[in-house]
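Peer 1: Quick check, what structure comes out for this input:
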Amino acid sequence: MSNEIKYEDYNDHFDEFIEKVRKNPTYDSDRIEYAYKLARDAHKNQRRRSGEPYIMHPVAVAEILFDMGMDNECIIAALLHDVVEDTEYNIDFIRKEFGDDVALLVDGVTKLGQIPLSTREEVQAENIRKMFIAMNQDVRVIIIKLADRLHNMRTLQHMPKYKQREKSLETLEIYAPIAHRLGIRQFKEELEDLAIRYLDPIAYKEIEDSLSMKKEEGLKFLADIEKQIKEKLEPIMDNVIITSRVKSVHGIFRKVYIKGRSFEQIYDIYAVRIIVEDTRDCYNALGIIHDMFTPLPGRFKDYISMPKPNLYQSLHTTVLSKQGIPFEVQIRTREMHRTAEYGIAAHWKYKLGKTGKDSLDASLQWINSMIENDNPDSAAELISTIKGDLSMDEIYVLTPRGDVKSLPRGSTVIDFAYAIHSAVGDKMTGAKIDGRIVPLDTVVRTGQVVEIITSKQPDKGPSRDWLNIVKTGQARSKIRAWFKHEKRDENIAQGRAELEREFKRNFIRLDDENYEKFILKLAERSHQNSIEDFYAAIGYGGIQLARLIPGIKDEYNRNWKPQEEVQEPDIDKTIQQINQPSKSTGSIIVEGFDNSPINMGRCCNPLPGEDIIGFITRGHGITIHRRNCKNVPVDIKSSAEPERWVNARWNEKIQVEARSTINIFAINREGVLLDITTVLAGAHVKILAINARPINDGNCVTNLTIGVNGKEHLESIIKALNKINGVYLIERSEH
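Peer 2: Below is the predicted model:
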């Protein structure tokens, strides 16, 4: 008899949730209960990885949003957010039963259907693009999506290890920065902490242990500080609220493991928050704090007079206690505190609603910039833009009129110009920082006043060189858009020249008739309508040739390369040979062939011990692929040329050294490359090539080519590398 708990015996906690809802008259509890019953019925045959009924997830998401104070439509959409994606109900049914608003929210959160996209990265990019477009119509879409991701991260322990890392990395690079941009501190900090727990469990445990060792003395210290501040403020200010906290794990992680500071160098492990009645009291309280404790130079920030773009307002100062312990003090009003905790959600509830028009509109301008990317064919470019432009390592730069523009750290004056408006960037001829003319590649810093000098000439436009200078994807896409629309003939000429140069460099030679056919095939593969469109896209930067060249070379070598000295194999003879006894050709045995030239497929780099298959290549013998290589048809018999695929296997009697390339993704801490090479040296692994570079948000990737003697050897090496502190993902590179 099965011990599995029956579906109906689980407590999905909806009864407790709906009781809370009924106590608040602003909610339509009957509609919410109807949405729950529909979702429960729709998901009745589905379970989560934990074995629990699936309905527990949408109920948990709805409760997170209710605790934030989100409205009826948001709560209902949360209960229904997976119904369209995973059950028989469609969006038209949701619209009919619950109205247009709920349908828009559910559709915005729903992933794309089964669309013909070739890579996981493309699927991720298109789903994120769809989400941003829906956000632009109704910002509640992303608030639901963040609550959905938060609950999934809370229950991530039930997922396989590789999924834990994949979801955690996506959370850290995309969803936590979105929560930061929207000012939802609670979501941001918990998402970051949960992601780090799975990406670097050793570092997470070290920080937890360090904090727990200081916990008792820390709580005692904070209680004493709170008492001292209360005694000073309460006699002269009404309704003062004083709280304290210890910094989040991720906040400490960034400073210790990414910025290389020691635990003792972090000045805001302890923080005290003072909430007062009005703005005047904020500044009065600041004066009293600076009179009570010694302020640290350069550690004061006034976000009240200069709010962050996500609407955050507060005074920040770091001071030293009488015992010499540094701590941060944040001072704000109640309304500022609501915004600091809930960001855009607070403004939704307390002020504006969906159609509100004031500072809320300005705080959401970045959503527009994300969906203005004029390069829809490049999934990698979109993901790179989102990760770069949503970076939480921000700077705040002023226009001469005092408007504040937020940019990722490292941005130039050109990025600033395009952040103001595309027309300003396109007409830019120079820039001044704090009144002094500077070069166009000058990096801007927080607090600087930047003035953009523009041209009045109607034909003035950006320079192609700017594409190598700018930091933000927003600026890059706007520069490309200008060249795409204004310089088509020039783009075509430049694109053709670039392609011909790459063809010569890679020994791709075709006669006139085949050249045009070959280019047309490449254009179709790149989703371009004509050869001219293909050339133009290369010319304005919409297509990155460097990404296409490996595939172009493979296509050329397999199907287009002219016959040279080696005569093309007789396919009919090959079919007859397949039934002959197997013959050894060194380390690989190919059925029916002896002494035929054998090449390893660069697309998959097969290793001894892996299932392999051979492909008869015109003029180049036999190319060996991994059986699961992307270039090997799943069903050989139904492929275009089944007679050219031949059985092959490794000769177990001969041991060979093969090359394998892996990508090691890690936190960009000091010494990580040394640790990688030390592990390899200890395992007596030959390093054939190594290249390390920083990527985003304090991460780095090390591209490593090593000598291995087979699949099991490579797996043991990867296992050892995974134990290195800060390494969170190792992928086998396929070209």
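Peer 1: contacting residues around the nearest residue to residue 560 once chain neighbours are set aside?
Peer 2: Residue nearest to residue 560 in three dimensions, not counting chain neighbours: residue 518, with 5.6 Å by C-beta to C-beta, 6 or more residues apart in numbering. Bear in mind the C-beta positions are built from the backbone N, C-alpha and C, glycine included. Neighbouring residues of residue 518 by C-beta atoms under 8 Å, 6 or more residues apart in numbering: 510, 555-556, 560.
Peer 1: In three-state terms, label residue 518 for me.
Peer 2: Using DSSP: H, G, I helix; E, B strand; the rest coil, the secondary structure recorded for residue 518 is helix.
Peer 1: Closest to residue 652 out of the contacts of residue 518?
Peer 2: residue 555 (33.8 Å; C-beta to C-beta).
Peer 1: so how far is residue 602 from the nearest residue to the closest one once chain neighbours are set aside?
Peer 2: Spatially, and ignoring its direct neighbours in sequence, residue 555 is nearest to residue 521 (7.4 Å; C-beta to C-beta, 6+ apart). Going from residue 521 to residue 602 by C-beta to C-beta, to the nearest Å gives 20 Å.
Peer 1: immediately after the helix or strand where the residue nearest to residue 555 lies, which helix or strand?
Peer 2: Residue 521 belongs to helix 512-525 when assigned by DSSP states H and E. Using DSSP H and E, the next helix or strand after helix 512-525 towards the C-terminus is helix 531-540.
Peer 1: Let's see which of the contacts of residue 518 end up in helices.
Peer 2: Among the contacts of residue 518, DSSP state H puts 555-556 in helices.
Peer 1: Filter the contacts of residue 518 down to the buried ones, ChimeraX style.
Peer 2: Selection of the buried residues among the contacts of residue 518 in ChimeraX, burial being defined by 16 or more other C-beta atoms under 10 Å:
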select :510,555,556,560
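Peer 1: Now for the contacts of residue 518: which two are most distant?
Peer 2: 510 and 555 (11.6 Å).
Peer 1: Run through the residues that contact residue 163.
Peer 2: residue 156.
Peer 1: Show me what the longest helix along the chain is packed up against.
Peer 2: In terms of residue count, the longest helix belonging to the chain (DSSP H) is helix 201-233. Here helix 201-233 touches helix 185-199, strand 241-246, helix 249-253, strand 270-276, helix 279-292, strand 326-333, going by 3 or more C-beta pairs under 8 Å, 6 or more residues apart in numbering; DSSP states H and E.
Peer 1: Just the CA trace of the last one, in PDB.
Peer 2: I take that to be strand 326-333. Provided in PDB are the C-alpha atoms of strand 326-333 (Å, rounded to 0.1, in the frame of the first residue of the first chain):
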ATOM      1  CA  PRO A 326      31.100  51.500  13.200                       C
ATOM      2  CA  PHE A 327      27.400  51.300  12.300                       C
ATOM      3  CA  GLU A 328      25.100  52.900   9.700                       C
ATOM      4  CA  VAL A 329      22.200  55.100  10.500                       C
ATOM      5  CA  GLN A 330      19.300  55.600   8.100                       C
ATOM      6  CA  ILE A 331      16.800  58.400   8.700                       C
ATOM      7  CA  ARG A 332      13.500  58.700   6.800                       C
ATOM      8  CA  THR A 333       9.800  59.600   7.100                       C
END
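Peer 1: any idea which helix or strand comes after that strand?
Peer 2: By DSSP H and E, the next helix or strand past strand 326-333 is helix 334-342.
Peer 1: State the mean pLDDT of that next one.
Peer 2: In this model, helix 334-342 carries a mean pLDDT of 86.
Peer 1: Between strand 270-276 and it, find me the angle.
Peer 2: Here the directions of helix 334-342 and strand 270-276 differ by 140 degrees (axes from the mean of the first three to the mean of the last three C-alpha atoms, to 10 degrees).
Peer 1: After whichever strand or helix holds residue 128, which helix or strand is next?
Peer 2: Under the criterion of DSSP H and E, residue 128 resides in helix 120-137. Moving toward the C-terminus from helix 120-137, the next helix or strand (DSSP H and E) is helix 140-154.
Peer 1: How far does the helix or strand just after that next one sit from its chain's centre?
Peer 2: Next in sequence after helix 140-154, counting helices and strands by DSSP H and E, comes helix 161-170. Counting by C-alpha atoms, centre = their mean, to the nearest Å, helix 161-170 is centred 12 Å from the centre of its parent chain.
Peer 1: For the stretch 601-735 of the chain, which segments count as helices?
Peer 2: Using DSSP state H, counting those that start in this stretch, the helices of the stretch 601-735 of the chain run over 672-682, 711-722.
Peer 1: Alright, that wraps it up for me.
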